[in-house]
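> Structure, please.
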Amino acid sequence: MEETQGTAEDAVDAVADKIASIIKEFQNLAVQDQLLEEKHRMLEHFIHFYMKAKGAHSSAQVLREEAKLPQQVGALEFNLEEAKKLFDEFSQWKLEIPPECVLTELFFKNLTKSDVGDTTSKSFAQLYVPKNLAEEYICPRLADQPQPIKTLVAKDLDEPGKTWTFYFLLNTKNVYVMTKDWQKYVKEKGLKEGSKIIFKSNPVGQFFLRCES
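Okay, the predicted model is just below:
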């Protein structure tokens, strides 16, 4: 047992050291005013990132490290692209932390026949996203893409390292749909009418996708 706790403590120490070095590295990078709130949210999320995954004994160490952070928050400056890279680096650490502990579920959908396509009528699969869900969870995260057809990249939670690229658009019937990789996703995952898909996001707005066939 002591050996397990020691290993966990070493991992927490490594994370704390990494955070300290990142804070120092990002000290001189400019930040836009609208990203100030995002910056604080990222720091808070990173703290919980390793607190959640460890036992109470290790968490005590983390709490002590957390107490040192407030005076350093103002010095940590980065833009959104750097934040995304930073999150990717954190998420790749081998700390036995499940990805879900740092993700927020956006919405889920039980697929219809239209979503998965119909081989009988030769209709193509395209995901129909309810307007209220699309405008609450997807549109704001793709607002920096002015074009009518936006690109949504989602990381596959069922196959780590794999990503899917969807086109997201409002069609001529005023309905939000996802195309491009969606047909391939349906086929590879063996999705059918009634299957469930779940969209999640991390603190910097990246999408993650999981399915239950």
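
> Isn't residue 208 up against residue 158?
No. Between residue 208 and residue 158 there is no contact under CB atoms under 8 Å: 10.1 Å. Yep, even glycine has a C-beta here, placed from its N, CA and C like the rest.

> pLDDT weak spots in this structure?
Applying pLDDT under 70 to the chain flags residues 1-102, 119-123, 203.

> Go again with 90.
Along the chain, segments meeting pLDDT under 90 span 1-105, 117-125, 141, 143-148, 157-162, 171-175, 201-206, 212-213.

> Quick check: residue 110 touching residue 191?
No. With contact defined as CB under 8 Å, residue 110 does not reach residue 191; the gap is 10.7 Å.

> More neighbours: which of the two?
residue 191 (22 against 11; other CB atoms under 10 Å).

> residues contacting the more buried one?
111, 115-116, 185, 197, 211, 213 (CB atoms under 8 Å, 6 or more residues apart in numbering).

> Next: residue 144.
By CB under 8 Å, 6+ apart, residue 144 lies in contact with nothing.

> And residue 171, by the same measure?
Residue 171 touches residue 177, counting by CB under 8 Å, 6+ apart.

> Can you pull the phi/psi pair for it?
Main-chain torsions, residue 171, degrees, to the nearest 10: phi -80, psi -180.

> what residues do residue 208 and residue 158 have in common as contacts?
Residues touching both residue 208 and residue 158 (CB under 8 Å, 6+ apart): none.

> More neighbours: which of these two?
residue 208 (20 against 11).

> And for the helix or strand containing residue 182, what's in contact with it?
Taking DSSP states H and E as the criterion, residue 182 maps to helix 181-189. Here helix 181-189 makes contact (CB under 8 Å, 6+ apart) with 115-117, 124-127, 158, 164-166, 191, 195, 209, 211, 213.
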